[in-house]
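1. Quick one: sequence and predicted model below, then my questions.
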Amino acid sequence: MSKICPLGEKAFPLPRKMKYCFTYKADTLAALRLTVLLLMVCLPMVIMAQRPRVGLVLGGGGAKGAAEVGVLKVIERAGIPIDCIVGTSIGSIVGGLYATGYTAVELDSIFRAQAWLSLLTDRREDLTPYPYKKVDGMTYVFGFPIYDTENVRQGALGALRGKHVEQMLDSLMGFRGFNEFDKLKIPFQCVACDFRNAREVVLSDGFPANAMRASMAIPGIFKPVKWEGMTLVDGGMVNNLPVDVARAMGADIVIAIDLQQAEPKLPKKRFTTVEKVGGWMGLGELVQWATRRPDVAKYQKNRKAADIYIHPILPDYDASSFDQSSVEVMLELGEQEGRRHWNELVALKRKLSPNKKYVTRPVSKRKVTIHYEK
């Protein structure tokens, strides 16, 4: 006859002459289950730690960022795992959204669906019929903002506040529930420039949407972003292809997508007098940047430092080519350029795990809709 022993021990039916019962403890079984669970959780982490870390670098280039999305579709198809992402300007937007968990196919849909002219220019659709209108300190011509009293009063360097762009990013990232850097699915950083001294600033905490907006604040067009006492503008001024930042994040292998079309050149001579005058005016570091262009040397160094360098050729397009037809063509050209590097990507995949086939990220057919206030 079976009986229940103290402390949850279970007894097995044994011959009457035996003075003892053969038992096992329930807590021993629980410990075994816990050990198996820990092995299941930790083993993939150990395997991940053993393989090289892959960093993705997305350069700046305005509308040409559509080509980066095209390349990403090929990288996904090859099954390359991405461990960290760094972006500059439009690359920060593509990279930030990718780090949030949007797939390349979803980013493709986002690029195709946006009314980029209205989005980037903060155009007020409700003011389109009016040749001239002044609202809240902003002067509009047919809905386009052309003069911001607040910016002039504060000495800001751009007419556009970038309100719609920031609202779009907030909407996209908030939809996925990622409003802070440390909550992103993939570690992400972006590059901006402190306009007061032309120094590089790598943003890695706070609200990603604000950081991405700062990274794409083209001087003279978009209003700079105030961030911890700094005046931040487009990171392309100092580091348009931040391979070095990805290395600092721990990337062993870097895939870089470069949108720069013309080969940047260093100034042929030093403008000593101009630098002295700039120093007297309190703009010494900024003037030195303009006359020496340290960003060119950094770009050339970073380009050579990438393990897989992907450079979509976009001769007929520039940073402002946000019209629908141009975006569609650049998406396709980016994908074509990615396919030219297919053998490199497959070789990388085999290097990362020769006995394992990585599953590509699922293709989502969900239609993305963005809402922002006027």
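-> Received the coordinates, thanks. Residues are numbered from 1 along each chain as shown.

2. beta partners for the residue nearest to Gly91 when sequence neighbours are not counted?
-> Nearest non-adjacent residue to Gly91, counting by Cβ to Cβ, 6 or more residues apart in numbering: Leu58, 3.1 Å away. For glycine as for every other residue, the C-beta is placed from the backbone atoms N, C-alpha and C. Judged by DSSP bridges, the bridge partners of Leu58 are Gly87, Ile257.

3. Tell me who's in contact with Leu58.
-> Contact analysis of Leu58 by Cβ atoms under 8 Å, 6 or more residues apart in numbering lists Gly65, Glu68, Ile85, Val86, Gly87, Thr88, Ile90, Gly91, Ser92, Val94, Gly95, Ile257.

4. can you list the weak-confidence ranges in the stretch 1-150 of the chain?
-> 1-31, 36, 39, 41-49, 115-150 (pLDDT under 70).

5. The same query, at a cut-off of 90, please.
-> 1-51, 62-63, 110-150 (pLDDT under 90).

6. Equivalent analysis for the stretch 151-300 of the chain, please.
-> In the stretch 151-300 of the chain (pLDDT under 90), the answer is 151-183, 195-198, 205-210, 213, 216-229, 237, 261-297.

7. For it, which segments count as strands?
-> 188-194, 199-203, 225-227, 230-234, 253-257 (DSSP state E, counting those that start in this stretch).

8. Between its first and last residues, how far does stretch 312-325 reach?
-> End-to-end span of stretch 312-325 (Cα to Cα, to the nearest Å): 17 Å.

9. Can you mark which positions in that stretch are buried?
-> By 16 or more other Cβ atoms under 10 Å, the buried positions in stretch 312-325 come out as Pro312, Leu314, Tyr317, Ala319, Ser321, Phe322.

10. ok, now which ones touch Val54?
-> Ile80, Pro81, Ile82, Asp83, Cys84, Ala251, Asp252, Ile253, Val254, Ile255, Leu348, Leu352.

11. brain fart, Pro187
-> Residues near Pro187 by Cβ under 8 Å, 6+ apart: Asp83, Cys84, Ile85, Ala99, Met249.

12. if I look at it, how far off is Thr100?
-> 12 Å (Cβ to Cβ, to the nearest Å).

13. Kindly report the same for Ala63.
-> Applying Cβ to Cβ to Ala63 and Thr100 gives a distance of 21 Å.

14. Check Leu345 too.
-> Applying Cβ to Cβ to Leu345 and Thr100 gives a distance of 23 Å.

15. do Lys226 as well
-> Distance from Lys226 to Thr100, by Cβ to Cβ: 24 Å.

16. Between these two, which is the more surrounded one?
-> Per other Cβ atoms under 10 Å, whichever of Lys226 and Thr100 has more neighbours is Thr100, with 22 against 13.

17. I figured the more buried one was touching Lys185, is that so?
-> Yes: contact criterion Cβ atoms under 8 Å: Thr100 and Lys185 qualify, at 6.6 Å.

18. Just the C-alpha atoms of stretch 81-97, please, in CSV.
-> Once non-C-alpha atoms are left out, stretch 81-97 reads as follows in CSV (Å, rounded to 0.1, in the frame of the first residue of the first chain):
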residue,chain,number,x,y,z
PRO,A,81,22.7,38.5,-37.3
ILE,A,82,23.2,42.2,-36.3
ASP,A,83,24.5,42.8,-32.8
CYS,A,84,24.8,46.6,-32.8
ILE,A,85,23.9,49.5,-35.1
VAL,A,86,25.3,53.0,-35.6
GLY,A,87,23.8,55.6,-37.9
THR,A,88,24.4,59.2,-39.0
SER,A,89,21.7,61.6,-40.3
ILE,A,90,19.2,59.5,-42.4
GLY,A,91,21.3,56.5,-41.4
SER,A,92,20.3,57.2,-37.8
ILE,A,93,16.6,57.1,-38.7
VAL,A,94,16.9,53.8,-40.7
GLY,A,95,19.2,52.3,-38.0
GLY,A,96,17.0,53.4,-35.1
LEU,A,97,13.9,52.0,-36.6
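
19. who's in contact with Arg350?
-> Counting by Cβ under 8 Å, 6+ apart, Arg350 has no contacts.

20. Taking strand 253-257 as reference, get the angle to whichever strand or helix holds it.
-> Secondary structure assignment for Arg350, by DSSP states H and E: helix 342-352. Angle between the axes of helix 342-352 and strand 253-257 is 160 degrees (criterion: axes from the mean of the first three to the mean of the last three Cα atoms, to 10 degrees).

21. in helix 342-352, what counts as buried?
-> So, applying 16+ other Cβ under 10 Å, buried residues of helix 342-352: Leu345, Leu348, Lys349, Leu352.
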